[in-house]
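Q: From the sequence below, what's the structure:
(chains A and B)
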Amino acid sequence: MTTVKQVGLILVALMAATSAGCKTKPKNITPIPGGNASVAGAGGLIGRDTSGTLGNGGDVVTIDDSGNIGLSGLEDFEDMLMDREALAAQTVYFDLDRSEIHPDDLSKVEAVAGILAQDAQNKVLIEGHCDERGTEEYNRALGERRALSVRDALVGLGVSADRVRTMSMGEDRPADTGIDDAAFARNRRGEFVLLKPKPGN
Amino acid sequence: MKKATLIQFPILVGLFWAGLALGQAQRSIDVDVFDAGEVKAIPVALEGFTGETLALLKFDLFVQGFEFVDKAKAQFTIKGSNVGSINGAVYDHVKRGFILNKRYQGGSLRRQAHTFANNAVEAITGSPGIGLTKIAFRQFHGRDTEIHVADFDGHNSKRLTHDNSIAAGPEWTPNNDSLYYYSYRRNNPDIYSHNTHTGVRRIVARYSGSNISPAVSPDGRRVAMVLSKAGSPDIWTASADGSGLRRLTTTKETESSPCWSPDGRWICFVSRASGRARLYKIPANGGAMSWIRTVGASNVTEPDWSPDGKAIVFTTMRGGGKFDICIVPPGGGNVEVLATGEDPSWAPNSRTLMFTRRSGRKRVLSVLDVPTKRVKTLPRSFPGNCTQAAWSK
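A: Predicted structure coming up:
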């Protein structure tokens, strides 16, 4: 799985660059083998989704010029058992309208990476959730951004990107139905669901 | 001479663009939504109608800029009867004559009454009425939400989906035959097109991550949507059937809520690329995204471009779960707050909006007449919360 390590290293480099406060511009990004170097304008158009494909015939992971790591196909996650209990203690929480992982929660992400390292057959679903103080479609997108932040962190810890699935529930599945700040804080979260192969598969 | 002229209604001068030529003005009462504050409702007297028909006419006319006064103060008297079928006429007190007089038959009494309301609106203002339009919306059934379709006043509601999951984000195709929406029925938010006549439903986008917020182009041939398959929620387009995917935005930050300009050349959406949620537009065929300045509103979502192309309405998130409906010219500029609420959708008249109001835990659909800034809750109430109304084209 050298592919995975390469992706992980590149991601760590990107995350370091971003967190150091230097805005990553396409030109500053380390060229990725097979990458599409031409980008029209900042935040502009990529003609086709062909930029930055890493891989050698096996697992293909696509990274674009903004450092986004493409998701692998849904079929990779179908027919798996969903274990909501195994990782229930690792739920991470977000600040209002933010999608960055709280430093205090990094140990939880590490714990999830450790559990995934124990069995290469297992995968993980990250559910992103919001409190009800945004509009519905905004929250749907924000929940996905939160789940993807957690995914990026897992990948940065060496978890293969194609073992991580994300799903935003927006504000539709609150953990706490209260309407005070404490309830809202409990609802701005990323939950981990362990995905296991069905016996016999 | 059915149409009202500027000279005949000096009281309505405030309705017009200051620079609008008189010749244009005489064509019809062209209400400019940016003159909101200045605009007064057209005073009419209602005579002869009773019960359900009276309530229907009052709602239809109210949300299209009319108010109800004594005959002595009225510019028009709208009179008739609803015994068995609708007879209706409009008397113009300035011209001292009838400008409409019709009998209606066939269909339901409600449909006759909506048709008469349309005829009355057009006779007085020169603009087609919205009485026969429909809405699609998201209705809560406990934890789950389903797509429903109803007349624009909430009557004749029918449940379209039975997915027992989260279905949301309905949008009409231009011919109003089909809805696009997303549903979690297969354990992922996937985009579907759903013919409301035949019941045939097709997958448009089902990729890993989010497949949400579909918006059909004005020519019906393309769909804009939010996909996160590339690792970030971005704006994508595809053919109406989902083929020919094209990624328009490539930011690391979140994009959401695409809508089309009526000429089909632009897609307006929300991006946090700057760190705050702002409005942007991008050429529908790809290109650079450009910021639409919303002076006075800093945290914005859910744009909807008016069918006449003159305005974009959107939601401002003021914090603490408080939302305002705002309006801005498509080129950007000063924002005007229209009402408290969220997720506005234009009626085809480019004048009336459907939106969601929160009251405690309740979320209800409401209608806003933009020029007069008057709000009415839908006359028909629903057992569950209702949100995300999409007005038919």
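Q: CA atoms for contacts and neighbours, from now on please.
A: Will do.
Q: residue ranges with poor pLDDT in the chain?
A: By default, I'm working from chain A. A:1-60, A:201 (pLDDT under 70).
Q: I was thinking of chain B, sorry if that wasn't clear
A: Confidence mapping of chain B against pLDDT under 70 gives the ranges B:1-38.
Q: Outline the domain layout of it.
A: Residue ranges for the domains of chain B, per automatic domain parsing: B:10-125, B:134-391.
Q: Report the beta-bridge partners for residue A:126.
A: residue A:166, residue A:192 (DSSP bridges).
Q: Likewise for residue B:376?
A: Under DSSP bridges, the beta-bridge partners of residue B:376 are residue B:367.
Q: Look through chain B and tell me its longest helix.
A: For chain B, the helix that runs over the most residues, judged by DSSP state H, is helix B:109-125.
Q: Name the residues of it that are buried.
A: For helix B:109-125, the neighbour count (16 or more other Cα atoms under 10 Å in any protein chain shown) marks B:109-125 as buried.
Q: Quick one: the strands in the stretch 101-250 of chain B, in order.
A: In the stretch 101-250 of chain B, the strands defined using DSSP state E, counting those that start in this stretch lie at B:134-141, B:144-151, B:158-159, B:167-172, B:178-183, B:190-195, B:201-205, B:211-216, B:222-227, B:234-239, B:246-247.
Q: Output these in JSON lines; the columns should cover distance to chain A and mean neighbour count.
A: Shown next, in JSON lines, are these (distance: least, Cα to the nearest Cα, whole Å; neighbours: other Cα atoms under 10 Å in any protein chain shown):
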{"stretch": "strand B:134-141", "distance to chain A": "10", "mean neighbour count": "24"}
{"stretch": "strand B:144-151", "distance to chain A": "8", "mean neighbour count": "22"}
{"stretch": "strand B:158-159", "distance to chain A": "20", "mean neighbour count": "14"}
{"stretch": "strand B:167-172", "distance to chain A": "8", "mean neighbour count": "28"}
{"stretch": "strand B:178-183", "distance to chain A": "11", "mean neighbour count": "26"}
{"stretch": "strand B:190-195", "distance to chain A": "11", "mean neighbour count": "24"}
{"stretch": "strand B:201-205", "distance to chain A": "12", "mean neighbour count": "18"}
{"stretch": "strand B:211-216", "distance to chain A": "7", "mean neighbour count": "29"}
{"stretch": "strand B:222-227", "distance to chain A": "8", "mean neighbour count": "27"}
{"stretch": "strand B:234-239", "distance to chain A": "9", "mean neighbour count": "24"}
{"stretch": "strand B:246-247", "distance to chain A": "7", "mean neighbour count": "22"}
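Q: got the residues of the stretch 251-393 of chain B near chain A?
A: Selection of the stretch 251-393 of chain B residues close to chain A by Cα under 8 Å from any Cα of the partner chain yields B:251-257, B:286-289, B:301-302, B:317, B:319-322, B:342-343.
Q: before we move on, the earlier item: looking at the domains of chain B, which is buried most?
A: Sort the domains of chain B by mean neighbour count, taking mean count of other Cα atoms under 10 Å in any protein chain shown, and domain B:134-391 sits at the top with a mean of 21.
Q: and the biggest helix by length in chain A with strand B:211-216, angle?
A: Of all segments of type helix in chain A, defined using DSSP H, the longest is helix A:136-156. Helix A:136-156 and strand B:211-216 meet at an angle of 140 degrees, taking axes from the mean of the first three to the mean of the last three Cα atoms, to 10 degrees as the criterion.
Q: who does residue B:269 bridge with?
A: The partner list for residue B:269 in beta bridges (DSSP bridges) reads residue B:280.
Q: thought it was touching residue B:312?
A: No. The pair residue B:269 / residue B:312 is not scored as a contact, 10.8 Å apart, by Cα atoms under 8 Å.
Q: which neighbours do the two share?
A: Between them, residue B:269 and residue B:312 share these contacting residues under Cα atoms under 8 Å, 6 or more residues apart in numbering or on different chains: residue B:303.
Q: what about the strands in chain A?
A: Ranges of strands within chain A are A:53-54, A:61-62, A:80-83, A:92-93, A:123-129, A:164-170, A:189-197, based on DSSP state E.
Q: now the ones you listed as CSV including mean neighbour count?
A: CSV is the format used below for these (neighbours: other Cα atoms under 10 Å in any protein chain shown):
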stretch, mean neighbour count
strand A:53-54, 20
strand A:61-62, 23
strand A:80-83, 16
strand A:92-93, 24
strand A:123-129, 26
strand A:164-170, 27
strand A:189-197, 23
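Q: Next up, phi/psi of the most centrally placed residue in chain B, please.
A: By Cα atoms, centre = their mean, chain B has its centre lying nearest to residue B:346, at 2.3 Å. Main-chain torsions, residue B:346, degrees, to the nearest 10: phi -70, psi 140.
Q: how about the nearest residue to it, chain neighbours excluded?
A: Spatial nearest neighbour of residue B:346, excluding adjacent residues (Cα to Cα, 6 or more residues apart in numbering or on different chains): residue B:353 at 4.7 Å.
Q: just to confirm, which helix or strand has the one you found in it?
A: Taking DSSP states H and E as the definition, one finds residue B:353 inside strand B:352-359.
Q: what's that strand packed up against?
A: strand B:342-346, strand B:362-369, strand B:386-391 (3 or more Cα pairs under 8 Å, 6 or more residues apart in numbering or on different chains; DSSP states H and E).
Q: Indicate which one of these is closest to residue B:327.
A: strand B:342-346 (10.0 Å; Cα to Cα).
Q: and that closest one, C-alpha only, in CSV?
A: Provided in CSV are the C-alpha atoms of strand B:342-346 (Å, rounded to 0.1, in the frame of the first residue of the first chain):
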residue,chain,number,x,y,z
GLU,B,342,-35.5,31.6,5.4
ASP,B,343,-35.2,29.7,2.1
PRO,B,344,-37.2,32.0,-0.3
SER,B,345,-38.5,30.7,-3.6
TRP,B,346,-39.9,33.0,-6.3
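Q: just the angle between that strand and strand B:167-172, please?
A: Angle of strand B:342-346 versus strand B:167-172, following the same axes, to 10 degrees, is 20 degrees.
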